[in-house]
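> I would like the atomic coordinates for the input below:
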Amino acid sequence: MDVSLTAYQDLHDGDRPGRFPPASMSDLVDRPVRYDLAESTCPPLRLGELLGPDVLTRLHTLEVGYGTSQGDPELRALIAAETGVAPGEVLVTAGGITAMFLLALTVCRAGDEAVVTTPCFPPARSVLDALDCRVTAVPLRFGAGYRLDVDAVAAALTPATRLVSLASPQNPSGVAFAEPDLRRLLDRMAATAPRAVLLLDETYRQTAYGDIAPPPSLGRLSPRVVTCSSLSKSHGAPGIRVGWLTATDPQLYEALRRARFNTQIAGSGVDELLAIEVLRRQEEILEPRRTMLAAALETLTAWADAHRDSVGFVRPDGGALCCLRLRDDRYDDRAVRRFYAALAERDTRVAPGSWFGEDDRVFRLGFGHLPLPAFGNALDRLAEALSAV
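Okay, the predicted model is just below:
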């Protein structure tokens, strides 16, 4: 019998909406537009930039067999050197999303509790829903600059909490959390949820601006902290499906390693070899991106100031993305819908807040994906859409 996707989800999901991210988010990879301000990556690397003579030689001699359950030793050493942990505390994964899944699969069982701050990267919530966890979403506020509300997160904790999931800098806002606040949260977790693990998604940590150095990884903050990251955002290499977890608790690391083996066996040797080259040349790759991002952010900041009668703006701490909000006193709910329609008519896209558990008055805007001239053109079309409604 032919069963449609909708029917399949009806059969298996019952009345549980939100189990997976909104299907429209797949438009980011499936439906191109001329001016994509919804995209959250830096400019993509081209394969030719990585295929120097040494890499080509290594590819020619690479045995296309199984790798190890931990990932390539050289790759783990490079990640460890940058994150401040030991190579034996790094687990290579197929992108950051798989890292999130492996941690949730390892520490959570059906009926366990998890806490997620919103807005958030959709898989941070959907992987927990898929495992039948009881998820408490703690909303952070645009008006408060999306800063971490330790008391609100702590109030959501119970002895049944097994995972607290945060991102710093956040997706979609680019706002980073202060280390003292995270230490306070860990203290509250120890008192109320002693079996819980704190996930810090550091995917945008290295996406800094200009001469500002990226903050250090917080992987060594506590044995209760697990970090994840990938090459997708800062390095502009989402097509190399390589991410990683760091875990300094040996027992937890071993459980994660077993989970990776039982779900993936090992990673792609080709991808891991290319990832080694990306990390060996990391500063060469990141430095021009940081220069470009600084210029794009200043352009955006000036644009937001010029249109402050229409939108609010939370300036990001890091990442190639930020959040803006349509003003309540200018746009009613119908006008919000007309705004997105007006953008579509101009072959331009932003990411609506509903993708991230936020109101659609808020939208994510990426300022690292387009070249600067095209970014300026995209902002012009955004201004036209604001005026059209």
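> For residue 137, give me phi and psi.
The phi and psi values for residue 137, taken as degrees, to the nearest 10, are phi -90, psi 120.
> again with residue 163
phi -150, psi 130.
> okay, now it: neighbour count?
Residue neighbour count, defined by other C-beta atoms under 10 Å, stands at 26 for residue 163. Where C-beta positions appear, they are placed from N, C-alpha and C, glycine not excepted.
> Hmm, residue 184 is touching residue 151, no?
No: applying C-beta atoms under 8 Å, one finds residue 184 not in contact with residue 151, separated by 9.2 Å.
> Where do the helices of the stretch 101-250 of the chain begin and end?
122-130, 150-155, 179-192, 250-264 (DSSP state H, counting those that start in this stretch).
> For the shortest one, which residues meet the burial criterion?
By neighbour count, with 16 or more other C-beta atoms under 10 Å as the criterion, the buried positions of helix 150-155 are 150, 153-154.
> May I see those residues arranged in JSON lines, with distance to residue 245 and pLDDT as well?
What follows is the buried residues of helix 150-155, written out as JSON lines (distance: C-beta to C-beta, whole Å; pLDDT from 0 to 100):
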{"residue": "150", "distance to residue 245": "24", "pLDDT": "97"}
{"residue": "153", "distance to residue 245": "21", "pLDDT": "98"}
{"residue": "154", "distance to residue 245": "25", "pLDDT": "98"}
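> could you redo those residues as JSON lines and give each row distance to residue 323?
Shown next, in JSON lines, are these (distance: C-beta to C-beta, whole Å):
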{"residue": "150", "distance to residue 323": "21"}
{"residue": "153", "distance to residue 323": "19"}
{"residue": "154", "distance to residue 323": "24"}
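> Just give me the closest of these to residue 279.
Minimum distance to residue 279 across the buried residues of helix 150-155 is 32.5 Å, recorded for residue 153 (C-beta to C-beta).
> contacting residues for the closest one?
Contacts for residue 153 (C-beta atoms under 8 Å, 6 or more residues apart in numbering) come out as 115, 117, 138, 164, 185, 188.
> And the furthest pair within the residues you listed?
Farthest pair in the contacts of residue 153 (C-beta to C-beta) is 117 and 188. Separation: 14.0 Å.
> out of these two, which sits in the busier spot?
Neighbour count, other C-beta under 10 Å: between residue 117 and residue 188, residue 117 has more, with 24 against 17.
> show me what contacts the more buried one?
Contacts of residue 117 by C-beta under 8 Å, 6+ apart are 137-140, 148, 153, 165-166, 170.
> Model confidence score at it, please.
Residue 117 is assigned 96 on the pLDDT scale.
> ok, now how distant is it from residue 162?
Distance of residue 117 to residue 162, given as C-beta to C-beta, to the nearest Å: 16 Å.
> Kindly report the same for residue 31.
Where residue 162 is concerned, residue 31 sits at a distance of 37 Å (C-beta to C-beta).
> Neighbour count: those two, which is higher?
Taking other C-beta under 10 Å, residue 31 and residue 162 do not tie; residue 162 has more neighbours (19 against 10).
> Give the burial count for the closest residue to residue 194 other than its chain neighbours, as a bare number.
Spatially, and ignoring its direct neighbours in sequence, residue 194 is nearest to residue 159 (7.5 Å; C-beta to C-beta, 6 or more residues apart in numbering). Residues within reach of residue 159, counting by other C-beta under 10 Å, total 10.
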